[in-house]
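Asker: Make a model of this:
(3 chains)
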Amino acid sequence: MNSIRTGEWQKLAVSLAELSLDTTLRCGQSFRWKKLNEDEWTCSLRGRVISLKQDPKQDPNHVLYKVTWPSNSPLTKLSSSGKGVKVEDDSTKDDTEALLRHYFNLEPNLTELYERWSMADPNFKKRAPKFTGVRILKQDAWEALVGFICSSNNNIARISQMVNNLCLSYGPLIGHVHDQPFHDFPTPESLAGPEVESQLRKLGFGYRAKYLARTAVIVSKEKPENWLESLSNTEPFDETEWKTLKPGGRPGYRKSHEELLALQGVGPKVADCVCLMGLGWGESVPVDTHVWQIAQRDYKFGKGKHKSLTKATYDAIGNHFRLLWGEEAGWAHSVLFAADLRTFAIRLTEKTEVQEELQIKAESEDGVIVQATTVVKKREAIREETIKEETTDDLNVVFSTTAKRTRRR
DNA sequence: CATTGACCTGAGAAG
DNA sequence: GTTCCCAGGTCAATG
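Answerer: Prediction:
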């Protein structure tokens, strides 16, 4: 049955500092990559299945990739109409390397960007070292749109589950890798049918079923052909322009953001996610609960005019970060976002477990505080570990934030 | 404009 | 074993 063609492992020259697969693929940008065989990241991309490996100890300067084509694929090269990307070796008949360079957005020099952000922002400098190699992906805009519509009031694990169900039900099968079926991502047209909403509800999408169904109709039937893609940033990456950026971002970004808001289930945060990770607008800064917490904890938001996360506060936060970090503010933002994820909390605690336990034990002697606050205290301890050099003012912000959380319980 | 409550669901913590 | 809470927000109705 297995007549699919599978290639051998090939090398993609990119260092660990420029791309960390583990961090980039687990930080909630894309919801489809699966970790199989312990260390293989696998996902379908443009009609093929791609597997990736990265071994920091063995070879920190390459990512290994392997392609699995469906059996009926003509494997015609698109390179004749491509834009001058030449592959030197025998893989000229395969555009996968070019696809990977595009998907992982490898042109910007991430090491230089980290240095620049660290120079401009002490807080970034403090938190970034444990989260190097976080890149903003250039995903398919439609996939990003669907994924982030699913993200509202939801968690990454369930979003991944929902997107997976979506592909299984509506995306064409490409083939199996490690006994797992891989389907392409469904097109807007395939989600525009009249039964889609009820089907999606059965698949566990909840109230987002209607958002997706209606958005699919709008994109596939009411908007002109290629409307979504036309919102993409086409300017070449230019690292010298970072200081000339207006606080609100470029006109093209603002227009794209505004147009996306007209869709169902798309508010400012989802629109920014699509702008950043699907349309290539690097200055886009999605402000979610994590970023809002970060803005309060480390950048003095949360009081005065910006006490709550209103639309005005949302814009002010984005403007602040664009001013601070420049044209790729969204890239820097995602580094701090990753550092805030529970998924990666272990990185912040590895050398401090004993201290944490002592601290918790001391707290429990109060008697009244009980277990309900134990988790909070532990998380607080995690935070403190990485910010011990911070000013007292900032530490006070941490404590007050924590206190609020405790009261809510 | 800012505030408020409803909205699906399933994994994990709490009791 | 059950109950409860929460997670990358958005929308619609009110001050």
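
Asker: switch to C-alpha atoms for all contacts and neighbour counts from now on
Answerer: OK.

Asker: which parts of chain A sit against DNA strand B?
Answerer: Applying CA under 7 Å from any atom of the strand, one finds that chain A approaches DNA strand B through A:153-154, A:158, A:201-202, A:204-208, A:307-312, A:371-372, A:374-375.

Asker: Looking at the stretch 51-200 of chain A, which residue is nearest DNA strand B?
Answerer: A:Asn153 (5.1 Å; CA to the nearest atom of the strand).

Asker: Next, count neighbours for that residue.
Answerer: 7 (other CA atoms under 10 Å).

Asker: State whether it is indeed within a helix.
Answerer: No. Going by DSSP: H, G, I helix; E, B strand; the rest coil, the assignment for A:Asn153 is coil, not a helix.

Asker: need the contact list for it.
Answerer: For A:Asn153, no residue meets the contact criterion (CA atoms under 8 Å, 6 or more residues apart in numbering).

Asker: what about the helices in the stretch 101-250 of chain A?
Answerer: A:110-120, A:122-127, A:141-149, A:156-170, A:196-202, A:208-217 (DSSP state H, counting those that start in this stretch).

Asker: for those, which one ends up most surrounded?
Answerer: Greatest average neighbour count among the helices of the stretch 101-250 of chain A goes to helix A:141-149 (a mean of 23), per mean count of other CA atoms under 10 Å.

Asker: Restricting the selection to alpha carbons, write that helix to CSV.
Answerer: Output of helix A:141-149 as CSV, limited to C-alpha atoms (Å, rounded to 0.1, in the frame of the first residue of the first chain):
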residue,chain,number,x,y,z
ALA,A,141,-2.4,33.1,5.7
TRP,A,142,-5.6,31.1,5.5
GLU,A,143,-4.2,28.5,7.9
ALA,A,144,-3.1,31.2,10.3
LEU,A,145,-6.5,32.7,10.1
VAL,A,146,-8.3,29.5,10.9
GLY,A,147,-5.9,28.5,13.6
PHE,A,148,-6.2,31.8,15.5
ILE,A,149,-9.9,32.0,15.1
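
Asker: Let me see the contact set for A:Lys35.
Answerer: A:Trp41, A:Thr42.

Asker: Now it. Its backbone dihedrals?
Answerer: Here is the backbone geometry of A:Lys35 (degrees, to the nearest 10): phi -90, psi 110.

Asker: in the sheet, who's paired with it?
Answerer: A:Trp41 (DSSP bridges).

Asker: got the residues of the stretch 201-350 of chain A near DNA strand C?
Answerer: Counting by CA under 7 Å from any atom of the strand, the stretch 201-350 of chain A sits next to DNA strand C at A:261-271, A:286-291, A:334, A:337, A:341.

Asker: one step back: so how far is A:His62 from the residue of the stretch 51-200 of chain A closest to DNA strand B?
Answerer: Going from A:Asn153 to A:His62 by CA to CA, to the nearest Å gives 37 Å.
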